[in-house]
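*Asks:* Starting from these lines, generate the structure:
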Amino acid sequence: MLKMTDRVYDIAKWLVSVVLPALGILYVALSDVFGLLVPDSVMATVMAIVLFMGMFVNANGQKWAMARLEATGTMIRDTNSDGIPDYPFRMSGDIYDSLKWLNQVFLPALAVMYTTMADIWSLPNADMVSVVLGAFIIFMSTTLQFSSTQWAKAGGLGLPPIS
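*Replies:* Residues are numbered from 1 along each chain as shown. Presented below is the predicted three-dimensional model:
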């Protein structure tokens, strides 16, 4: 598997979690105003890219985190030994990992699947479903990034702990 530097991983995670979903939503939102073509196809394409990149980032995330653990000897700062890292927005490693997987893999896959199936089976509102899912992905990305940033400020390494 391709080794990523910390910077490459952070950029890839940011693209998957924030930039690409935001661009897809922006295009769909502006398509009615400016008459842009095929908003549902553009959103499906963006979400397919997010899904592909998200799977790559997620698959590399565990190896990347373990390399950081080996390099530093620690993944969390837990002064009261409750198994939850010491930072203001407290989220355990299992919860963070589950939400990150949901956000980077499942929700983009769901958006792509619905948009694709909507064309085949004439399901309603394909573009609106994609926009809503994209907006939720951005909301979750912001929450997860806040958690990760707060954890790093509290002495972590930029990733919430692996339990």
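
*Asks:* Let me see the residues that make contact with the helix or strand harbouring Pro108.
*Replies:* Using DSSP states H and E, Pro108 sits in helix 107-121. With Cβ atoms under 8 Å, 6 or more residues apart in numbering as the contact definition, helix 107-121 has outside contacts at 21, 40-41, 43-44, 47-48, 50-51, 54, 123-127, 129-130, 133-134, 136-137, 140. C-betas here are computed from N, CA, C, even on glycine.

*Asks:* What about the residues you listed, which are in helices?
*Replies:* Taking DSSP state H, the ones among the contacts of helix 107-121 that sit in helices are 21, 40-41, 43-44, 47-48, 50-51, 54, 126-127, 129-130, 133-134, 136-137, 140.

*Asks:* rewinding a little: filter the contacts of helix 107-121 to the buried ones?
*Replies:* For those, a burial check counting by 16 or more other Cβ atoms under 10 Å picks out 21, 40, 43-44, 47-48, 50-51, 54, 126-127, 129-130, 133-134, 137, 140.

*Asks:* residue contacts, the residue lying closest to Thr142 once chain neighbours are set aside?
*Replies:* In this structure, Thr142 finds its nearest non-sequential neighbour in Val18, 7.4 Å apart by Cβ to Cβ, 6 or more residues apart in numbering. Residues near Val18 by Cβ under 8 Å, 6+ apart: Ile138, Ser141, Thr142, Gln145.

*Asks:* ok, the first one touching Gly24?
*Replies:* Right, the one you point to is Ile138. No: using Cβ atoms under 8 Å, Ile138 is not in contact with Gly24; the gap is 9.6 Å.

*Asks:* The two - which one has more neighbours?
*Replies:* Neighbour tally, Ile138 and Gly24, criterion other Cβ atoms under 10 Å: the higher count belongs to Gly24, 28 against 19.

*Asks:* quick one: low-confidence ranges for the chain?
*Replies:* For the chain, applying pLDDT under 70 flags the ranges 1-4, 62-92, 149-163.

*Asks:* what's around the residue nearest to Ala48 when sequence neighbours are not counted, how many residues?
*Replies:* In this structure, Ala48 finds its nearest non-sequential neighbour in Val112, 4.9 Å apart by Cβ to Cβ, 6+ apart. If you count neighbours by other Cβ under 10 Å, Val112 ends up with 22.
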